[in-house]
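In: Quick one: sequence plus predicted model below, questions after.
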Amino acid sequence: MIRPLTTIDEFRAVEDLQQKVWNVVDREVVPALHFIPAVAVGAILLGAFDADRMIGFVYGFPGFEGGHRLIHSDMLAVLPQARGRGLGIALKLAQRDAALAKGIDRITWTFDPLQARNAHLNFTRLGATADRYLRDFYGETTSPLHRGIGTDRLWVTWHLQESRRPPSGDLRIEIPRDIGALPIDEAVRWRSRTRTEFESAFARGYRVTGFEGQSYILG
């Protein structure tokens, strides 16, 4: 079941999930008290439950981009033991419904372009696009998931009411199947190469329109 989170106990559970999924120190956890005013002014905070136990959540706050109202989806997390059950896409679709109910038709977020599973979700399943590459967007963090390769991100835009179109393009950028399984020196080389390729493509007016196999499709 996926439903809105509204109580301080539920917000505390979101704190715990952040630490379990990203294994960061306390100062890098978004605190429960933050969610109280955030939800009051339009943030979307949804939890996925197995019986009474929270096993995932998605959080987005309201903002503006070029004068356009949007929800910026800052965090989505699913416990490792609950993955492979479609909760990631279920949470995003529930977030979409909640945004549309507020009269908002655009959601943005960032993700590591070397994460193939997330690329498949964002571009193949949801039909989002990306046209911005952000170097070390979050700076250095304590999460072991970043493994010394920085926090480069793609800026993703999901237009909620636009009809999905098949991906089209004449440029592809390949990434590894599992960046987390590679030795650190090889992972760093992938980061350096793909950073150059994305920045060059975006500077020439390309945008990501899809993901197929292990490659981004840009047009």
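Out: Thanks, I have the structure now. Residues are numbered from 1 along each chain as shown.
In: Please state the offset of the strand or helix carrying residue 192 from the chain centre?
Out: Per DSSP states H and E: residue 192 is located in helix 184-203. Computed by Cα atoms, centre = their mean, to the nearest Å, the chain-centroid distance of helix 184-203 equals 19 Å.
In: Quick check: the gap between residue 12 and residue 29.
Out: 11 Å (Cβ to Cβ, to the nearest Å). Where C-beta positions appear, they are placed from N, C-alpha and C, glycine not excepted.
In: Would you map out the domains in this structure?
Out: Domain assignment for the chain, taken from automatic domain parsing, gives 1-104, 105-219.
In: mind listing what residue 25 touches?
Out: Applying Cβ atoms under 8 Å, 6 or more residues apart in numbering to residue 25 gives the contacts residue 142.
In: what's whichever helix or strand comes after the helix holding residue 192 packed up against?
Out: Counting by DSSP H and E, the next helix or strand C-terminal to helix 184-203 is strand 208-212. On a contact count with 3 or more Cβ pairs under 8 Å, 6 or more residues apart in numbering; DSSP states H and E, strand 208-212 meets strand 129-134, strand 215-218.
In: if we can go back for a sec, now do the helix holding residue 192 against strand 129-134: the angle between them, please.
Out: 120 degrees (axes from the mean of the first three to the mean of the last three Cα atoms, to 10 degrees).
In: Mind listing what's buried along helix 184-203?
Out: 187, 190, 191, 194, 195, 197, 198, 201, 202 (16 or more other Cβ atoms under 10 Å).
In: can you give me the strands for the protein?
Out: Using DSSP state E, the strands of the chain run over 2-4, 44-50, 53-65, 68-78, 106-111, 129-134, 153-159, 171-174, 208-212, 215-218.
In: Now the weakest link among the domains of the chain, please, by mean pLDDT.
Out: Looking at the domains of the chain, the lowest mean pLDDT belongs to domain 105-219 (a mean of 93).
In: How far does that one sit from its chain's centre?
Out: Between the centre of domain 105-219 and the centre of its chain there are 10 Å (Cα atoms, centre = their mean).
In: before we move on, what about stretch 43-53?
Out: 17 Å.
In: returning to what we had before: turn the strands of the chain into CSV, columns for distance to residue 19 and mean neighbour count.
Out: Formatted as CSV, the strands of the chain follow (distance: least, Cβ to Cβ, whole Å; neighbours: other Cβ atoms under 10 Å):
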stretch, distance to residue 19, mean neighbour count
strand 2-4, 21, 14
strand 44-50, 16, 21
strand 53-65, 13, 19
strand 68-78, 10, 19
strand 106-111, 20, 21
strand 129-134, 25, 19
strand 153-159, 21, 20
strand 171-174, 33, 16
strand 208-212, 30, 21
strand 215-218, 31, 22
